[in-house]
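*Asks:* prediction below, plus the sequence it came from.
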Amino acid sequence: MGINSPKTWVNYVQALGDLLILNLVLALAFTIQQDWNYFLASTELYLGALVFLTILSFILFNFYGLYNTINKDWTDILTAVVVSVMFLGLAIIVISYAIPNYIFPRRVLFTFVMIYVPVIVLWRWSLLMLERRVTPAKKVIIVAEAHEIDGLVSKLNGHDSLMGVITDSPQSESPHKVLGTFEEVEELFYIHRPQVILITGNVPEDVKSRVAMSSLKYGCIIYVVPNLYEIMIAQSKLDQFKDTPVFQIRLTRNPGKEYVKRAIDCVVAVIGLIVTLPITLLTTVAIKVTSPGPVFYVQERVGRKNKCFMLYKFRTMVNNAEDKTGPVLSSKGDSRITKVGKLLRLTRIDELPQLINVLKGDMSIVGPRPERPCFVEKFDKEVPGYAYRHVMHAGLTGLAQIAGKYSTSPQDKLRYDLLYAKGSSPLFDLQIMLQTVKVMIHKDKAS
């Protein structure tokens, strides 16, 4: 994961290089295919389209996080590049049909994509290596209770230099260097002068206050893993009670937004079912031919207000997979998953039948992923505040799916679900839907 960096000179080099490569490769594609006659016949249209594509490529690259890459895995960057280029190609096709007398020759488009993808990938990889080589590692101190330290350290990467940890117990058996206890935070920050402080929500409030004051004094950045209360006050409206500043927290759902969300769900579900019909037919045949048993897998899940519903999926495991194991979460290398099932899970095609659940009103397009009753009961006991995720409809995709991974803990997934509930809006839903395209081709993202 790593700690994010502020904008640097590398970001400007990235943007300039990306835009230059786009324009040069497009010109090269025209030259190779000797199709300059198309360009010369409608020079103004092509120049206008070029400006549009240049701006669109910048927006796409920025949206998919390609201008903050130093702490990202190369697979994340590669996936973002592929998805951005895919949308760029779609934009070219749309322009070709939308503007009269403007036809982007298919051979030019094909040549452009074939050259642009390897060139932009090589450019981005080279720049990432350069950025990691010339950018100094950030000095990090973790402030957390002893049992939380290992989980946080595992999220740092090679570009984060861990100076040590400040914890609640001086006798902590942590394998990491213990700098001191909560009572000593001011003195420890003065001695070590960290650039970044990572602090968890379970740390006492008085310690958080002293950490915040120290960060103001020494100019370091604080990253807080939020607890339930801190999520509730996030993005809250600043108000006044007489002459006292207060935060206004509204936890009630907006009926107007609910109707808009439901309308969008129905439209997207209908379009999705129509567009994916060929995929559905091919999947049905593949499952029937390769594995005995039904095509669909129907399972009870918990939705809004703790109401249970039957969720539909394409079957990806052998028939009656839980007869011997009972209800267990699937894991990597699960022998119960069929060969076709592996492909369906990898591409998320197994989730397509849930569009029917959306039309029925059991689910929404965007929301927390629904769990089985037995797991909900388990997480309710183990994860404080887990029940709050059921104030909204379960979703096909969600903030936890685009930001998390398969290995993301139930606690962190809950944080994402509650943050989504707090900031839910049609625009936010659209952003999550577009980010989901990247998740669909990234095997390590959350399920």
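*Replies:* Thanks, I have it. What you see is a predicted model, and the numbers here were worked out from it, not measured in a lab.
*Asks:* list the buried residues in the strand or helix carrying Ile21.
*Replies:* Using DSSP states H and E, Ile21 maps to helix 9-33. Within helix 9-33, the residues that count as buried by 16 or more other Cβ atoms under 10 Å are 10-11, 14-15, 18-19, 21-22, 25-26, 29-30, 33. Yep, even glycine has a C-beta here, placed from its N, CA and C like the rest.
*Asks:* stretch 362-374 now?
*Replies:* Asp362, Met363, Ser364, Ile365, Val366, Gly367, Pro368, Arg369, Pro370, Glu371, Arg372.
*Asks:* repeat that for stretch 253-265.
*Replies:* Here stretch 253-265 shows Lys261, Ile264, Asp265 as buried, counting by 16+ other Cβ under 10 Å.
*Asks:* tell me the mean pLDDT for that stretch?
*Replies:* Stretch 253-265 carries an average pLDDT of 86.
*Asks:* can I get that stretch as CSV, trimmed to CA atoms?
*Replies:* Taking Å, rounded to 0.1, in the frame of the first residue of the first chain, the C-alpha atoms of stretch 253-265 are listed here in CSV:
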residue,chain,number,x,y,z
ARG,A,253,-31.4,8.8,4.6
ASN,A,254,-32.6,11.3,2.0
PRO,A,255,-35.8,10.0,0.3
GLY,A,256,-35.1,12.1,-2.8
LYS,A,257,-31.7,10.5,-3.2
GLU,A,258,-33.2,7.1,-2.6
TYR,A,259,-35.6,7.5,-5.5
VAL,A,260,-32.9,8.7,-7.8
LYS,A,261,-30.6,5.9,-6.8
ARG,A,262,-33.4,3.3,-7.4
ALA,A,263,-34.1,4.8,-10.8
ILE,A,264,-30.4,4.6,-11.8
ASP,A,265,-30.2,1.0,-10.5
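*Asks:* quick one: that stretch to chain centroid distance?
*Replies:* 23 Å (Cα atoms, centre = their mean, to the nearest Å).
*Asks:* which residues does that stretch contact?
*Replies:* Val358, Gly361, Ser364, Ile365, Val391, Met392, Ser424, Ser425, Pro426, Asp429 (Cβ atoms under 8 Å, 6 or more residues apart in numbering).
*Asks:* can you check which helix is longest in the protein?
*Replies:* helix 106-134 (DSSP state H).
*Asks:* for Ile222, which residues are in contact?
*Replies:* Val196, Ile197, Leu198, Ile199, Val211, Ala212, Ser215.
*Asks:* so what's the residue count around the fifth one?
*Replies:* Neighbourhood size, Val211 [other Cβ atoms under 10 Å]: 22.
*Asks:* cool, the fourth one as well?
*Replies:* Here the number of neighbours of Ile199 (other Cβ under 10 Å) works out to 22.
*Asks:* make sure it is indeed in a helix.
*Replies:* No: per DSSP: H, G, I helix; E, B strand; the rest coil, Ile199 lies outside any helix segment and is strand.
*Asks:* dump the residue contacts of it.
*Replies:* Neighbours of Ile199 in contact, by Cβ under 8 Å, 6+ apart: Ile142, Val143, Ala144, Lys208, Val211, Ile222, Tyr223, Val224, Val225.
*Asks:* now do the last one
*Replies:* By Cβ under 8 Å, 6+ apart, the contact list for Ser215 reads Phe189, Ile197, Ile221, Ile222.
*Asks:* against Tyr223, how distant is it?
*Replies:* 10 Å (Cβ to Cβ, to the nearest Å).
*Asks:* now do the fifth one
*Replies:* In this structure, Val211 and Tyr223 are separated by 11 Å, where distance is defined by Cβ to Cβ.
*Asks:* so where's the chain uncertain?
*Replies:* 1-8, 34-46, 70-71, 99-104, 158-159, 170-173, 251-252, 321-333, 443-447 (pLDDT under 70).
*Asks:* strands of that one, start to end?
*Replies:* 138-143, 160-167, 178-181, 196-200, 221-225, 237-241, 244-248, 296-302, 308-314, 363-366, 394-397 (DSSP state E).
*Asks:* right, and those strands - which one's nearest Asp76?
*Replies:* strand 160-167 (16.3 Å; Cβ to Cβ).
*Asks:* other residues contacting the closest one?
*Replies:* 2-3, 71, 137-146, 149, 153, 156, 172, 174, 176-182, 184-185, 188, 192, 194, 196.
*Asks:* only the buried subset of these, as a PyMOL command please.
*Replies:* For the buried members of these, the matching PyMOL selection, counting by 16+ other Cβ under 10 Å, is:
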select buried, resi 2+3+71+138+139+140+141+142+143+144+149+153+156+172+174+176+178+179+180+181+182+185+188+194+196
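*Asks:* on that earlier part again, list residues touching both of Ser215 and Tyr223?
*Replies:* Ile197.
*Asks:* quick one on the thing from earlier: overlap of the contact sets of Val211 and Tyr223?
*Replies:* Ile197, Ile199.
*Asks:* about what we covered before: adding distance to Ile279, write the contacts of Ile199 out as a markdown table.
*Replies:* Converted to a markdown table, those look like this (distance: Cβ to Cβ, whole Å):
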| residue | distance to Ile279 |
| --- | --- |
| Ile142 | 45 |
| Val143 | 49 |
| Ala144 | 45 |
| Lys208 | 49 |
| Val211 | 51 |
| Ile222 | 46 |
| Tyr223 | 41 |
| Val224 | 42 |
| Val225 | 39 |
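*Asks:* re earlier: so which of the buried residues of stretch 253-265 are in helices?
*Replies:* Checking the buried residues of stretch 253-265 against DSSP H, those in helices are Lys261, Ile264, Asp265.
*Asks:* circling back to that earlier point, closest to Tyr406 out of the contacts of Ile222?
*Replies:* Checking the contacts of Ile222 one by one against Tyr406 (Cβ to Cβ), the nearest turns out to be Leu198, at 22.8 Å.
*Asks:* and Leu399, how close does it get to Gln354?
*Replies:* Applying Cβ to Cβ to Leu399 and Gln354 gives a distance of 17 Å.
*Asks:* again with Lys305
*Replies:* From Lys305 over to Gln354 (counting by Cβ to Cβ), the distance is 19 Å.
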